[in-house]
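Enquirer: this one's structure only:
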Ligand code: PGA
């Protein structure tokens with residue numbers, strides 16, 4: 001039985017003080033009762049180590065939003081796997097559509113980052129998903145398959161046990177227009193089939209596949225009740241404690 005995972009992708013929001021205030025409040029709300037899901041927050045780099053101090057002794061886990069694939073060196077502006085690890089991260093979001101489109105990250109680059117994360121004992125949250133044009137051209141599964149195959153190239157079955165997949169249709173991200181539970185379920189089941197083919201039944205059964213794209217308290221329950229939707233990667237709605245908690249409660 002897969003336990004649901006709710007992750008908040010803060011993107012480029014909240015400075016250090018705002019982050020501290022937010023996480024302090026979130027922790028107070030989270031620990032009020034036993035939660036049925038695993039909870040991850042992914043603030044900006046500058047807030048990671050303070051975040052770690054605040055969430056200590058709570059079920060909230062920490063992730064970063066990106067890493068570079070080299071260990072260290074002359075890569076101005078980049079952050080390594082070891083650096084985020086030393087700040088207290090267990091997870092890292094990789095292959096997000098904003099990285100793919102705005103920062104031109106290729107499937108091959110994302111694959112290098114996934115390998116680097118795993119090498120440093122970080123758990124990647126690996127994002128895949130089609131654009132509106134691709135959906136309208138009926139090539140959603142081809143697009144997802146290519147992202148899956150190249151992104152997870154040379155990843156062993158054992159390594160796969162440390163990876164979360166997030167299906168995030170690009171047209172649903174930040175638009176307020178979520179995929180319907182049926183649309184999302186269809187692609188999630190397809191991804192689980194890819195996992196079965198590549199890694200076998202057991203790994204496929206155990207892998208967490210999150211849905212992301214305009215998840216909010218109002219639609220979370222319907223999405224999360226689908227058999228292959230194992231959690232949510234939340235952008236906008238994770239920036240308010242009330243709405244993030246609302247999504248956590250719908251597990
Ligand atoms: P959204 O973002 O919830 O604001 O649509 C999701 C994401 O980008 O991970």
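Expert: Arrived safely. What you see is a predicted model, and the numbers here were worked out from it, not measured in a lab.
Enquirer: contacts, neighbours, all on C-alpha from now
Expert: Fine.
Enquirer: For this protein, which segments count as helices?
Expert: Secondary structure of the chain, counting by DSSP state H: helices at 16-30, 48-55, 81-86, 97-101, 107-119, 132-136, 140-151, 157-160, 181-199, 201-206, 217-224, 241-249.
Enquirer: Report the separation between residue 211 and residue 25.
Expert: Here the criterion is CA to CA, to the nearest Å. By it, residue 211 lies 25 Å from residue 25.
Enquirer: More neighbours: which of the two?
Expert: Neighbours per residue (other CA atoms under 10 Å) separate residue 211 from residue 25, with residue 211 holding more: 33 against 14.
Enquirer: Show me the beta-bridge partners of the more buried one.
Expert: residue 167, residue 232 (DSSP bridges).
Enquirer: Hmm, it is touching residue 170, no?
Expert: No: contact criterion CA atoms under 8 Å: residue 211 and residue 170 do not qualify, at 11.5 Å.
Enquirer: Compare the helices of the chain and give me the one nearest the ligand.
Expert: Nearest to the ligand, of all these, is helix 97-101, at 7.4 Å by CA to the nearest ligand atom.
Enquirer: what residues does that closest one touch?
Expert: Here helix 97-101 makes contact (CA atoms under 8 Å, 6 or more residues apart in numbering) with 105-106, 127-129, 168, 170.
Enquirer: That helix near the ligand at all?
Expert: No: Helix 97-101 lies apart from the ligand when judged by CA under 6 Å from any ligand atom; the minimum separation is 7.4 Å.
Enquirer: And that helix, what's buried?
Expert: 97, 100 (16 or more other CA atoms under 10 Å).
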